[in-house]
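Participant: Sequence and predicted model, in that order:
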Amino acid sequence: MAGSNYLWLIPFFPLLSATLLMVTAGQLPKKIIGFLGAGSIALSALCVALQAQHFLASGEIMQVTLWTWMSVANFAPGIAFYIDGLSIVMMSVITGVGFLIHLYSLEFMDDDSSYSRYFAYMNLFVAAMLLLVMADNLLLLYLGWEGVGVCSYLLVGFWYRDPANGKAARKAFVVTRVGDAAMALGLFLLFTELGSLDIQTLLLAADSKWQSGDLIPTIATALLLGGAVGKSAQLPLHTWLPDAMAGPTPVSALIHAATMVTAGVYLIARHYSLFLLAPITLEAVAWIGLATLLIAAFTALAQQDIKRILAYSTISQIGYMFLALGVGAFSAGIFHLMTHAFFKALLFLAAGAVIHCLHHEHNIFKMGGLRTRLPIVFWSFLIGSAALAALPFTSGFYSKDPILLSAWAMPNIGSYLWAGGLLGALLTAIYSFRLVFVVFFGEAKTLPNKQPGWKMSLPLALLCLLSIIGGWFVLPLDHVFPAYSHGEINHSVEIISIATPLIGLAIAYGLFLGKQLSISGFTQSTLGKALQSFCFSGWRFDALYQLLWVCPYQVLAQLWRNEPIDYLYRGIVSLMQWSNEQLSKLQSGELRWYATSMVFGLVILVLIMLRSLS
Amino acid sequence: MNGLQIPLEHVLIIASFMFSFGLLGLMLRRNIIFMLMSLEVMLNAAALAFVAAGAKWAQADGQIIFLLILSVAAAEVAVGLGLVLQIQRRFKTLDMDTAKRMRG
Amino acid sequence: MSLALLLGILLAGGLVAWLSERWHKDLPRWLSLVTIGLALLQLVSSLNVLAPDSFTLVPDGRDASSWLIHYQLAWIPRFGISFELAMDGLSLLLVLLTLLLGLVAVASSWTEIDFKPGFFQANLLWTLAGVCGVFLALDLLLFFLFWEVMLIPMYLLIAIWGHENKAYAAMKFFIFTQVSGLLMLLSIITLAWQGYVHNGYYSFSYFDLLALPLDSTLAYCLMLGFFIAFVVKLPAFPVHTWLPDAHTQAPTAGSVLLAGILLKTGAYGLMRFSIPLFPEASMQFAHIAMSLGAAGVIYGAVLAFAQSDFKRLVAYSSVSHMGFVLLGLYAWNSLAMQGAVMQMLAHGVSTAALFMMAGALQQRLHTRNMFKMGGLWYYMPRMGACALFFAVASLGLPGLGNFVAEFLILVGLFAVSPVMTAIATLGLITAAVYSLWMMQQTFQGKTQLATKTTASLQDFGGREMFTMAAMMLALLWLGLYPQPVLDLAQPVIDSLQALVTISPQIAEASL
Amino acid sequence: MMESLFYLASFIALVATVLALSRANATHALIYLIVSLLAVAVIFFLLGAPFAAALEVLIYAGAIMVLFIFVIMMLNLGDSGVAKERQWLSPRYWIVPGLLAAILFGEMLVALQHHSAALSGKMISPKAVALELFGPYVLAVEIASMLLLAGLVGAYHLGRRFLARTEMEEELQEELKEQEQQRAQP
Amino acid sequence: MSTADLLALLPLLVLSVGALLLMLQIAFIRNVQFSSALTLLIFALAALSCGPATDYAPRLVTPLLIADKLALLFTALFCLAGFVTTVLSMDYMQRRGDQPEEYYLLLILSSLGACVLAYAEHLGSLILGMELLSVALYALIAYPDKSILPLEAASKYLVLSGAASATLLFGFALLYAITGSLGFSDLGTQLATQPSGNIMLLVAMALILAGLGFKLSLVPFHMWTPDVYQGAPSPVTGFLASVAKAAIFLLFLRLFIDAKLYRYNMLLNCLALVAILSMLVGNVLALQQDNIKRMLSYSSIAHMGYLLIILVVCGSSNNRALAIEAASYYLIAYTATTLAAFGLLSLISAQQQQRENVLLDDVSGLFWQQPLLAGLMLIALLSLAGIPLTAGFVAKFYIFSAAISGYHWGLIAALILGSAIGIYYYLRVIFYMSKRNSPSYTLASTASGWHISSLSTALMIIILLLGTAPQPLMAYLRSIL
């Protein structure tokens, strides 16, 4: 069952299941729906596992073309797959984590009336995401890219009867579409310049055609970066992700934490050689990552909604991945992508369990003391948070540490990047443990009405395990990316990097559990309040965009609503009507006037004739 | 007996004057009888011009056209006066300014 | 002969359908289906006799005999006007689309029409005949004749079976197309006169008028005559304002025909006549045409977003989408032209479906105002799913036909004008804005309807679902395996390109 | 002598025409018109067209004008409405038409000044006219007979009803009143 | 006059003899049915007699009349138009009682006048034909005695038409004074010897143009048209709008060509100006007209403007043949279409005793009540609007071709603008006809009967045939010109 001939099965299973679920439109019994929904992902995951084993054993890159999509002149993208180590990693994460989340969903969504629709969308998403990472050419990648966007839209707005959810869903889609449009332009540019959209051909052609620092690769990579920024919720297109938490929590776990949002990272990693030709863009990637991770971390500190905290933390962690890509540590970025998928999925699922068991309560300050009442969830959350904060020996530590060290090793700007990343790490530790302490310690404010069943607990347990041991995985990326070594790093740097999360933990403990520290004096002051609300609103990005884009667009639409162009035609019509009325007045019915007008005409005619006198 | 030997223009000027005045009458008068009279004056002016032109070319054609104009005038006046009778009967007036039921 | 027969079937079928309403009021629509079916059969059987490789051979653009089917009959020899019909891959595609959407139109108005159903079906079939004639006619005057004549049944469809403001809409539609048509008539006759002066004999045949040596100013003016007629029909900014009104007021079948196929005649005209007849002038004009296209893309999208009327929204989205066609055609390279052809087909299907949706909504809710809808998914999930499908199709989701079309157009266009491409790409974003807005207002959110209305709402039945499913499959097919269509169109595009040896950039440089 | 006679006749014709068309009383106007026609007849005679002159007197002044007089008498127009007619002839009404007519006349004068030709001075006898009339113009005579037939039938049809007053008269009056009222309303 | 001469004039003779016969019949037996049947017979015979007469064409019969094939073609057309008018009148006149027999006599005389105009080659026949046509028409217009609008219309027409005739005659008198000739061809020969800048000549032409312009209701001599068309009985309006117009235009064309008036640029300029004004003003005036008769009358003003383009095109000798052919075709198509349009109105107004008006509301829903009549009206209106498949389109195509061959872009622009406006008001009628009325609405009653149905069908077929198979007529026109 392994080998390129069977690759098509991987996206096929979820696609088939999605189609079946859609066509039957909820008419199937619930058990079969669940079986189809989760089972298809399981089959898919199994296939991935077989393929991965085959790949690891043989190390051969698999390529297969199912059919030529379209062929016009020299433009001939196929429905074709290209599987190398990077794809294998991504596919494993998608199907593996995806399967766990589907399993979890079986219970989480049990009482929802649109059970079938949910699994249809989820399966469709997995299929699209798989196409994205398996695609051999940029057009198929774009298909997956847009496909996951639509599924994200559908799932964010899953509970469609609340208009707020619809709004969040549209925001998610449209904001990412801005990035997608840039990416599409990038595709046009690349095709026009290189004559192909096959990724490997294109990369080779780019290498031979351009020198590092040329203008065109810079523009092309900047445009691709636009797409990546949109999809991965990086500055300046990050505002959609917190709102996207309106969807069911497993959706947030799968799409908005583990897989889709990391597509941007994948895109850049996939085209790393192109980005290497554009050092300016690559540096921009690093800076974007850094800025995003800091802004998001600050914002996360001020949030009260458990899912929003996690959302901002996702943005922040992807910032780390961008930072890694930007400094050229592609493997580190991908590695962090994987571990992040584990622990962030774990955190979301655990948060989902909390919400599920706590009457859909989202506000962390209305929770508390859940340590004893939901022990499984507590341990999951704790492990997840530890990994998020990159405490030593968790997977997060193994992935984040190389990023910081690579940043340090960057010439010229390395120390700034490193310092920024370090600050981010400190903040990460503070907000993640703030979450743990507030939710699971202290006195209980709301009592859970149920306990998670095995379908929820098993994924949590497995993800806990992965979050811990994920750091020891060795990814088959050696042949994908150039060997990277950040050389000898000062030990003090290493130590500071390791110690920072611990300091953060301590601060969080002092602030939220032991109460040794208090910043209430500061938070009560005017400046503090302002700062808090500034952070709470996500640094006012939403308001800014509202002012810059949304409002002008709406005003424009309202202004044009009645067709300014049509006024021109209506004016012509009015002119005609006016002349008609004026001329009709002349038709007075008076015989003498008619005679007069005739004489007038005669006089004019004779006058014209007389003009030839002169 | 021989005819006059004066410039043709003089006759034509008289004809023009009569023609213009006929038109003026048409534009001014409201009584349909006067309008018919104006018509007669205009036709007469044309007839005068034809006869004069015929005299210039020493052709009988001018007079023949005059003859035709005469029959035309007779026919028009016959029907016109028939109409006058009807108008008087229907409108109780010959004032054509009252006859403007159709307009616009 | 087979092509004339095709038109004859439709015309006669219309007559029979009209007369049949005396016997039973359900008879006309069945007869209508049968007629279109017969026409399809006739088309297929006439293609069957052709050699398989004739579909891939590049026809000689100047020689009718190299086309798939060619038929000529002297009509008015006094002016060299003949009844000349011919079919190549492009015409074939568009005729197929016409007939298939004809079936959709009949299905979409299955229960809508109570008043004079026979005459309704007759007008519908005559419109189809007119449109097929437009796609097949190669004598310029015959082409003009079909161009004008198809308007009358369409006018009657709107004027008789339209909605509240039908008089205004029908009139606007007719006058816009007629006035621009007069300009085209002027251009056609002037062109033929130039042909007469040059050749010494009258001819309105396409092949005789191609490559006529013309004074460049005159050629430019004549090209404008054609161009205006075609862009009005397309419709392109800023002569599009008839479209929203006509669409809004037309009965469902009328909207389906109007959006699905009538608009395509404009694009077809540009591709077949306006550009090849006046290559230099057209390419000099290309930058203006493309600007209009790009403006239309954005303008249409913004206005679509501003609408509260479901049908108006879809109508403006058509303006936006047809802007892409204009861009694609004037880029005049294989990619962009293939994209334009694809856009004609895909837009035909997706917009027809959306209008059908609008018709179904209006039939159920008696309103087109989206602010009075909302939350309909809950009551009519099947309808919601269909709407969703076509909404994302219209915003250009990859995997569906519209994406292939827009992508090809933009890729092709980029090589010609990156700036235009960038502007048009903005259309991808704005399309998302209005499509999703439409979904939100109608099927999502809280319902604004009275409970009495919602209680009696009926979801799509079997007939409607069948039609919808067919169109969905068509879009998926166009989106995932468009190669048959591309292969059919490619020879035509090659031959058209052989007629126009100058590219927009060169023409612009020579200005 | 003949010349002065011509100018005298012309003068009379012009003055009579002006007077005819500016009278308020129809009968007076008609008398002036007859004078004008007689003067034109003199001009015809002087121009060498005795046949035309005779016909002018016989038919124009004699027959057609008498027809007018008959109608005026029949309708008993007489003095009625004279005052009204006078009022209509105030300058307010005739300024524009007068100006137009004057311009037209002026234009003709200008045109005629650029053309000069003398009359032949030859007399064309009635015989010559007759020969011509029943030669090449014979068909004109035939068609003229049809024309007169049309005039006759038309005049008969229109006039007959005046003589045979029908009972419909009152109905028509009512309709007329209604229409007047309708017009008065807006 | 030889036998051949008389045979060449056969249609005229048939009409004249017919008129006399009819008069005798009226004198002895007053019977409407008989009179109308006789009239139909006379028109049919006259039309048929054009056939044998063509064998003797072309021939100049006395200096007054020229019997060429064009004249015979149009004579036949006018007789057929008379035939159609008679059929339409039968129903109309029966309901108006009061000695309708003379009506047919006048109709024959009027047609005779039109035919004389078609033959006219001399000022004498011009005046007589024109006056015969007009004088009979005055009486025809005023014929109904149950309504006062006809009277008003007739008096307006009489006074103004008389003035126009006088103007025309005065113009010819000036021409005669200059050239000494009255035949058109002679005039052409004589004019050639005159300097083309002769002012008196030009003024004479202005007078002639004004006179003919009135008869053709060209702007600014158009004011009478709507009132007269509205007030006249509908069949007469149809006759007036089609036959009278076509006859005068044919005459104008003959005069223009034979007397070589096209040599005068000033005249061409004036014609172009008048044409443009007519096209625009006529169409604009019709725009919001609710009275269909008035609307059609305004549209006829515009159509005459379109026709005038042809005279301007005649200015260049290269395109003259095409222009004449175009004019002939246009006149035939226009006559058929106009007769159909007004004929339908006469059928609708037939039962409305008190009024000659047909308003838009009166045709509301006609499609569903009287499909045949509505179909005829639809086709007639489309033909007037110049939509393909109808006679009007081929006619417009001809005008376009002619105008383009002379590169008269200004005229073409006005033509397009005018047609564009025209579409609106023609369509408005169609829209009203296709209206769905509430059940309580009662349609204005319409006449019916087998003769009406067959006439409507025949007219419809003629208009469509002229539009779809114009080749035979085109070929014939080319062969006779």
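Facilitator: On my side now, so go ahead. Numbering: from 1, shown residues only, chains lettered A, B, ... in the order given.

Participant: So the top helix by length along chain B, near chain D or not?
Facilitator: Identified as the longest helix of chain B according to DSSP state H is helix B:61-91. Yes: Helix B:61-91 is in contact with chain D by C-beta under 8 Å from any C-beta of the partner chain, via B:61-64, B:66-68, B:70-79, B:81-86, B:88-91. Glycine gets a C-beta too; all of them are placed from N, C-alpha and C.

Participant: got the contact list for residue 44?
Facilitator: The chain I'm using is chain A. A:Leu9, A:Ile10, A:Pro11, A:Phe13, A:Pro14, A:Thr95, A:Gly98, A:Phe99, A:Val126, A:Leu130 (C-beta atoms under 8 Å, 6 or more residues apart in numbering or on different chains).

Participant: meant chain B, my bad for not saying
Facilitator: B:Met18, B:Gly22, B:Ala73, D:Ser36, D:Leu37, D:Val40, D:Tyr60.

Participant: Could you check how far stretch E:253-263 is from the centre of its chain?
Facilitator: Relative to its chain's centre, stretch E:253-263 lies at 20 Å (C-alpha atoms, centre = their mean, to the nearest Å).

Participant: next one: stretch E:215-230
Facilitator: On the basis of C-alpha atoms, centre = their mean, stretch E:215-230 is displaced by 13 Å from the centre of the chain it belongs to.

Participant: same thing with stretch A:217-225?
Facilitator: Between the centre of stretch A:217-225 and the centre of its host chain there is 19 Å, according to C-alpha atoms, centre = their mean.

Participant: Also stretch A:556-573?
Facilitator: 39 Å.

Participant: ditto for stretch C:455-472
Facilitator: The chain centroid and the centroid of stretch C:455-472 are separated by 24 Å, computed with C-alpha atoms, centre = their mean.

Participant: what's next to it, contact-wise?
Facilitator: By C-beta under 8 Å, 6+ apart, stretch C:455-472 touches C:104, C:107-108, C:110, C:349-350, C:352-353, C:356, C:360, C:364-365, C:376, C:379-383, C:386, C:389-390.

Participant: In helices only, show me those.
Facilitator: Residues of the contacts of stretch C:455-472 located in helices (DSSP H): C:104, C:107-108, C:349-350, C:352-353, C:356, C:360, C:364-365, C:376, C:379, C:381-383, C:386, C:389-390.

Participant: Adding distance to A:Leu544 as columns, could you present the contacts of A:Ser44 in JSON lines?
Facilitator: Formatted as JSON lines, the contacts of A:Ser44 follow (distance: C-beta to C-beta, whole Å):
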{"residue": "A:Leu9", "distance to A:Leu544": "46"}
{"residue": "A:Ile10", "distance to A:Leu544": "42"}
{"residue": "A:Pro11", "distance to A:Leu544": "39"}
{"residue": "A:Phe13", "distance to A:Leu544": "43"}
{"residue": "A:Pro14", "distance to A:Leu544": "38"}
{"residue": "A:Thr95", "distance to A:Leu544": "39"}
{"residue": "A:Gly98", "distance to A:Leu544": "35"}
{"residue": "A:Phe99", "distance to A:Leu544": "40"}
{"residue": "A:Val126", "distance to A:Leu544": "35"}
{"residue": "A:Leu130", "distance to A:Leu544": "36"}
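
Participant: Turn the residues you listed into CSV, including pLDDT, distance to chain D and secondary structure.
Facilitator: Below are the contacts of A:Ser44 laid out as CSV (pLDDT from 0 to 100; distance: C-beta to the nearest C-beta, whole Å; DSSP: H, G, I helix; E, B strand; the rest coil):
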residue, pLDDT, distance to chain D, secondary structure
A:Leu9, 87, 84, helix
A:Ile10, 88, 83, helix
A:Pro11, 89, 78, helix
A:Phe13, 91, 81, helix
A:Pro14, 91, 77, helix
A:Thr95, 91, 84, helix
A:Gly98, 90, 80, helix
A:Phe99, 91, 84, helix
A:Val126, 92, 77, helix
A:Leu130, 91, 79, helix
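
Participant: Those, buried ones only, as a ChimeraX selection?
Facilitator: Of the contacts of A:Ser44, the buried ones go into a single ChimeraX selection, burial set by 16 or more other C-beta atoms under 10 Å in any protein chain shown:
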select /A:9,10,11,13,14,95,98,99,126,130
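
Participant: Pick out whichever of the contacts of A:Ser44 sits closest to chain E.
Facilitator: A:Pro14 (53.6 Å; C-beta to the nearest C-beta).

Participant: Tell me how far A:Ala38 lies from A:Phe99.
Facilitator: Using C-beta to C-beta, to the nearest Å, A:Ala38 is found at 7 Å from A:Phe99.

Participant: can you pull the contacts of E:Gly124?
Facilitator: Contacts for E:Gly124 were tallied using C-beta under 8 Å, 6+ apart; they are B:Ile64, B:Ile65, B:Leu68, D:Tyr137, D:Ala140, E:Leu64, E:Leu182.

Participant: can we see that at 7 Å?
Facilitator: Going by C-beta atoms under 7 Å, 6 or more residues apart in numbering or on different chains, E:Gly124 touches B:Ile65, B:Leu68, D:Tyr137, D:Ala140, E:Leu64, E:Leu182.

Participant: nearest spatial neighbour of the first one, skipping sequence neighbours?
Facilitator: Spelled out, it's B:Ile65. B:Phe50 (4.6 Å; C-beta to C-beta, 6 or more residues apart in numbering or on different chains).

Participant: How about the fourth one?
Facilitator: Nearest residue to D:Ala140, sequence neighbours excluded (C-beta to C-beta, 6+ apart): E:Gly124, at 4.5 Å.

Participant: where's the one you found, which helix or strand?
Facilitator: Using DSSP states H and E, E:Gly124 sits in helix E:123-141.

Participant: helix/strand/coil for A:Ala483?
Facilitator: Three-state assignment for A:Ala483 (DSSP: H, G, I helix; E, B strand; the rest coil): coil.
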